[in-house]
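Undergrad: What would the 3D arrangement of this be:
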Amino acid sequence: MFFTYVALSQTRVDELKKKLDELSKITSGLNDTASVSVSNTPIQELLRAMADAHELNISVDPGLNILITYNFSKETVGNILLFLCKQYNLDILFTGSIMSVQTYDSSEQNKIKPAFIAKELKIEYDKVNNFLSFDLKNDSLDKAIKKIVQLTGKNISLSPELQNERVSAFVYNMNFDGAINMLSVSNDFSISKTKDNFYILSKNTTGGAPVKSGQERIQKPGRPSNTSMGQWDFSVQTDSSGKYLVSVTASDVPIIDIITDVSTKLKTPYFIFDKPEGDITSNFSNIGYDDMLNFLLQGTDYTFKKTDNIYFIGKRGLEGLRNTKVVKLVHRSADTVAAIIPKELNQNIQIQTFPELNSLIVTGSTHQISDVENFIRSIDKTVPMVLIEIIVIDVLRSRTTKSGIKAGIADSIINAGKILPEIDYTLSSEALNKALSAVGNTGIINLGRVTPKFYLSIQASENKGDIKIRSTPYLATLNGHSANMKIGETKYYLEEQATFQPIVGNVSTVSNKIFKSINADLSIAIKPVVSGDDCVTLDIVTEFSKFLEPEFKGAPPGKTTRQFKSDIRVKNDEMVMLGGLEEKSRSDTGSGVPFLSRIPIINWFFSDKTNSRRRSKLQIYIHPTIIYS
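TA: Okay, here's the model as predicted:
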């Protein structure tokens, strides 16, 4: 039996030597030579001193209470470790370059404890202002307290049950007492201070154990409030990423009770400026800590703000709990968005526009800012633009035919008129007598003479007009906004006003001449509204005006106006026609000698006729195109 034990022990030592030799290839400190002389020294102190001197990563089991007395001279560090393991029945667990020294368990029933990676603790101290700062994340409480003592020179003692605790907390530039108190509260410890300024950290016997992975349920009796008392319980579990999820079932329970108890259980640091009042009845499952605070404080005068992992709770308008956030818009104008934010969201919050960055500056509580931002994001969408092509066609065709002979008596008639391209000529009595005399001199027939005031007018003309006006304006506007275009012509006419002013024995006339204007415009106003089925609803108002010839000399010009007003719905990129206003006119007028004016050929000498044909047509084509980018 004895030989078997010796053989097993030797095998274990050989395995340790083999592992130390392999580790020495990447950790040069194991090959360093050391000279050590100790007497009644704890083995923990010896190993820590060797680790510091030779830059080794050594973790020592706090349960090793071994006093050693040895003298090593110029021996390698690896051999010293191997000797101590063999002499005191120790074992070394290797994790990378980390060596965890502990008592050897021959039964091998205990689980191997993971070694913690040694790292530089983030602890700073301002001696001038007595400000302490630290950022601890699952760090050794023992090491953290030792470094705090070294930096501050203040005495802090740990109770035995806290020797192996690990802590997490963050404090920035807080006075020493407040920082140590925050460290203890965040990790469910209790702290006391003696008369000689000695701080003692111990286990908090009133609190629960730290929350572990999985789920743990805590049942709490309701605490008295102003009007009610109820029962409530909550449970905590962790998801795959290690985030805590809270489930609460409560009936008429003070809000402050839920916040404090859950925060203590989760070891979440918090600071309460104003105690939230009121009771709550709720039932929610598996939500994060931030979401829980949002639900509990929603609809109250209280809010919270998270700064450096510390939650500050108080009234919404309290300094320190107000936030300011710049909400940048992408698709909309900041000026227009600020005007349409609902009044319910504007209460107890300040919103300013920042046109240079197309942004809104929102100041208020975190919850209110979140509500405003969510609303802004919901309407900050791409606004489609509508390109509208308008084709206006105005056609005017006319034809007028005049023919006939007129004869009569009038004073002062002279020979005048046109022969080409139309015939419109008036002969005086003198010209007619010359023509008659010429015919009489031929000896064929003697027609005689006409009276001195006789005249003869011959007319044969045909006028034709074909006018086609085509205009193609393009308009572009955003969805829901009007696009307007106006093209016009202005003419002026003279208006004369006479004012009579009575004077003693006479009447004076004052004449004023004023030029007045009259406009003829082509105006188009279109308001497009894009619907979800890729259609466009168009509100169209068009007006077309043009001048007419004055009815008499000196009169202002006439004007004709055609107007359309319509609401239509068309699909994207389709064309629609409006208008089609067509006017036809036909006029046949004439005068002549009865009976003779109806005989063919002869009627040319005994009648005067005017035939007129006129046709006008106005058409409007509209072609909308939706542009999303």
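
Undergrad: Surely Asn173 and Val128 touch.
TA: No: between Asn173 and Val128 there is no contact under CB atoms under 8 Å: 11.7 Å. Backbone N, C-alpha and C define where each C-beta goes, glycine included.

Undergrad: out of those two, which sits in the busier spot?
TA: Each of Asn173 and Val128 has its neighbours counted (other CB atoms under 10 Å); Asn173 has more, 11 against 5.

Undergrad: Checking the more buried one next. Helix, strand or coil?
TA: Under DSSP: H, G, I helix; E, B strand; the rest coil, the three-state class of Asn173 is strand.

Undergrad: repeat for Asn603
TA: helix.

Undergrad: got it, and Asp261?
TA: Put simply, Asp261 is helix when judged by three-state DSSP.

Undergrad: My guess is it contacts Val236. True?
TA: No: Asp261 lies out of contact with Val236 (CB under 8 Å); the separation is 10.8 Å.

Undergrad: Of these two, give the one with the bigger neighbour count.
TA: Using other CB under 10 Å as the criterion, Asp261 and Val236 rank with Val236 on top: 22 against 19.

Undergrad: How is that one assigned, secondary-structure-wise?
TA: strand.

Undergrad: One more: Gly242?
TA: Under three-state DSSP, the three-state class of Gly242 is coil.

Undergrad: That one: neighbour count?
TA: Neighbourhood size, Gly242 [other CB under 10 Å]: 7.

Undergrad: What's the per-residue pLDDT of it here?
TA: pLDDT, Gly242: 77.

Undergrad: what sits against His331?
TA: 380-383 (CB atoms under 8 Å, 6 or more residues apart in numbering).

Undergrad: Top of the residues you listed by number of neighbours, please.
TA: Asp380 leads the contacts of His331 on contacts (other CB under 10 Å) with 17 neighbours.

Undergrad: May I ask you to confirm that that residue is in contact with Ala334?
TA: No: using CB under 8 Å, Asp380 makes no contact with Ala334, being 10.0 Å away.

Undergrad: Ser461 pairs with what?
TA: Taking DSSP bridges as the rule, Ser461 bridges to Lys402.

Undergrad: since we're on it, how many residues are nearby?
TA: Burial of Ser461 is recorded as 14 neighbouring residues (other CB under 10 Å).

Undergrad: Next one: it, what pLDDT does it get?
TA: Model confidence at Ser461, given as pLDDT, is 72.

Undergrad: Would you enumerate the residues in contact with the residue lying closest to Ser482 once chain neighbours are set aside?
TA: Nearest residue to Ser482, sequence neighbours excluded (CB to CB, 6 or more residues apart in numbering): Lys527, at 4.4 Å. Residues in contact with Lys527 (CB under 8 Å, 6+ apart) are 477, 480-483, 538-539.

Undergrad: got it, and Val372?
TA: With CB under 8 Å, 6+ apart, Val372 has these contacts: 327, 341, 345, 349, 351, 362, 364.

Undergrad: go again using 10 Å as the cut-off
TA: Counting by CB atoms under 10 Å, 6 or more residues apart in numbering, Val372 touches 325, 327, 341-342, 345-346, 349, 351, 360, 362, 364.

Undergrad: okay, and the common contacts of Asp380 and Ala334?
TA: Common contacts of Asp380 and Ala334 (CB under 10 Å, 6+ apart): 327-328.

Undergrad: Just the mean pLDDT for the helix or strand hosting Tyr70, thanks.
TA: Taking DSSP states H and E as the criterion, Tyr70 maps to strand 67-76. Averaging pLDDT along strand 67-76 yields 82.

Undergrad: Report the backbone C-alpha coordinates of it in PDB.
TA: What follows is strand 67-76 as a C-alpha-only set of coordinates in PDB (Å, rounded to 0.1, in the frame of the first residue of the first chain):
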ATOM      1  CA  LEU A  67       4.300  28.200   7.100                       C
ATOM      2  CA  ILE A  68       7.700  27.400   5.500                       C
ATOM      3  CA  THR A  69      11.300  27.700   6.500                       C
ATOM      4  CA  TYR A  70      13.800  27.200   3.700                       C
ATOM      5  CA  ASN A  71      16.900  28.500   2.100                       C
ATOM      6  CA  PHE A  72      17.300  28.200  -1.600                       C
ATOM      7  CA  SER A  73      20.400  29.400  -3.300                       C
ATOM      8  CA  LYS A  74      20.600  30.100  -7.100                       C
ATOM      9  CA  GLU A  75      17.900  27.600  -7.900                       C
ATOM     10  CA  THR A  76      15.500  27.900 -10.800                       C
END
